[in-house]
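Asks: Turn this into a model:
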Amino acid sequence: MDWVEFALAMALFLASHRIPALIGVKAPLTRALGPHGYTVAFSLISTLLLAWVIVAAGRAPYVALWDHALWHRWALNLIMPVALGLIVFGLAAPNPFAFEGKASGFDPVRPGIVGLTRQPLLWGLTLWAAGHLLANGDLAHGLLFGSFALFSLLGMGMVERRRAQSMGLATWQRVTAKTSLVPGAALLTGRWRPATFPSVRRGMIWVLVWAGLWMLHMPVIGVSPAP
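Replies: Now for the predicted structure:
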């Protein structure tokens, strides 16, 4: 029965990202709630379904895929601040290349977080999923976090192709000259150098989000995040 709950939760979570557009209710709901209202409602539903998937994975029968090692937990604790940093600094930043970014305000000469990577949210989700996959090491969590990592990586390619097609090759090459898809590639190759310090406000949010998730992990998920 626990496998049935996990399969149902996973199916509903994945379906929630496709059904609104497939059955034609996304556009009417967006008109009724407004773009911001629809985003808030969709995010809330997605968060609740994600929480259910994670809880259901914990209830599923334990089938070990590999033995636990202390360095797995340490790796996750080092990965999570990076993942959260990409997400916090990427959300609603001027970024016409990612679905979480703002189309307006982007400066290709001073690209900000986009100079680090054009897909900060999806890279953050990939790192989050990969780190938790390593630290858990069982079948249910392997299916859960492995799926998230795979879909995030595939999503990057889909978003990049759509944006490139909509902009046209010449415009795409011009506005992405100081950016990269792979985090840090533009920095390492000398195509981009940070022009300013990161936002202090976003930095404070980053720390608060990390601290909040750390403290809530045990009471909500039931597992201590400490190595």
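Asks: Check which residues of the longest helix along the chain are buried.
Replies: Counting residues, the longest helix found in the chain (DSSP state H) is helix 26-59. Within helix 26-59, the residues that qualify as buried are 30, 38, 42, 49, 52-54, 56-58, counting by 16 or more other C-beta atoms under 10 Å. For every residue, glycine as well, the C-beta is placed using N, CA and C.
Asks: of all those residues, which two lie farthest apart?
Replies: Maximum pairwise distance among the buried residues of helix 26-59 (C-beta to C-beta): 34.4 Å, between 30 and 58.
Asks: Quick one, grab the pLDDT at the nearest residue to residue 174 once chain neighbours are set aside.
Replies: The shortest distance from residue 174 to any non-neighbouring residue, by C-beta to C-beta, 6 or more residues apart in numbering, is to residue 108 (6.8 Å). With respect to pLDDT, residue 108 scores 95.
Asks: residues in contact with residue 108?
Replies: Neighbouring residues of residue 108 by C-beta atoms under 8 Å, 6 or more residues apart in numbering: 174-179.
Asks: quick one: it from residue 33, how far?
Replies: Between residue 108 and residue 33 the distance is 33 Å, computed by C-beta to C-beta, to the nearest Å.
Asks: same check, this time on residue 205
Replies: Relative to residue 33, residue 205 is positioned 25 Å away (criterion: C-beta to C-beta).
Asks: With secondary structure added, can I get the contacts of residue 108 in TSV?
Replies: TSV is the format used below for the contacts of residue 108 (DSSP: H, G, I helix; E, B strand; the rest coil):
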residue	secondary structure
174	helix
175	helix
176	coil
177	coil
178	coil
179	coil
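Asks: Low-confidence ranges, the chain, go.
Replies: Within the chain, the segments meeting pLDDT under 70 span 1, 21-23.
Asks: And the residue nearest the centre of it?
Replies: The residue lying closest to the centre of the chain (C-alpha atoms, centre = their mean) is residue 125, at 2.9 Å.
Asks: ok, for it, nearest residue in space, not its chain neighbours?
Replies: In space, residue 125 is closest to residue 152, 4.5 Å off (C-beta to C-beta, 6+ apart).
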